[in-house]
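> I'd like to go over a predicted model; first the sequence, then the structure.
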Amino acid sequence: MNKAKLKRLFSYGVVGVIVSGIYVLCTIFFIEMFGFRPTIASVLSYISSFMFSFFANHHVVFKSKEKMSKTVMRFILVSAFVFVLTTLIMYLMVEVFKIPYLFGVVVVLLVIPLSNFSLNSYWTFRESH
């Protein structure tokens, strides 16, 4: 792996940690403060972290030279797929398997970053690097 790819992967990791932190804190906040069901809290948390994730990936991780209007549509499609995957994971963990929601959060944090990076790297921002 060349230096540019390593740097991109590192910056993706930093942004990912921040986005994941937003997701975790919002999920816990919506459940503990408002009494939302974990699946609903997960949905709201995903939406809460969406805009930060797009701007950070566009400007910091992939340093896209494409117009945001072009990459945002791809990012939305990738995010929609990952949103469904996130919601499905939380639903299965909590509602089907009756596992505490924090375990669902952990599974989301393990699966989603890799899915997001791969899809955004090879499709959303592919012309940028």
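It's in. Quantities reported herein were computed from a predicted structural model and do not represent experimental measurements.
> right, and the helix or strand after the longest helix belonging to the chain?
Secondary structure of the chain per DSSP state H: the longest helix is helix 3-34. Sequence order places helix 38-56 as the next helix or strand after helix 3-34, per DSSP states H and E.
> what's in contact with that next one?
Outside of helix 38-56, the residues within contact range by Cβ atoms under 8 Å, 6 or more residues apart in numbering are 15, 18-19, 22-24, 26-28, 30-31, 34, 36, 72, 75, 79, 83, 86-87, 90-91, 94-95, 101, 104-105, 108, 116. In short, each C-beta sits where N, CA and C put it, glycine included.
> quick check: angle from it to helix 3-34?
140 degrees (axes from the mean of the first three to the mean of the last three Cα atoms, to 10 degrees).
> so where's the chain uncertain?
Along the chain, segments meeting pLDDT under 70 span 127-129.
> now with 80?
For the chain, the stretches flagged by pLDDT under 80 are 1, 127-129.
> which among the contacts of helix 38-56 count as buried?
Buried members of those, scored by 16 or more other Cβ atoms under 10 Å, are 15, 19, 22-24, 26-28, 30-31, 36, 72, 75, 79, 83, 86-87, 90-91, 94, 101, 104-105, 108, 116.
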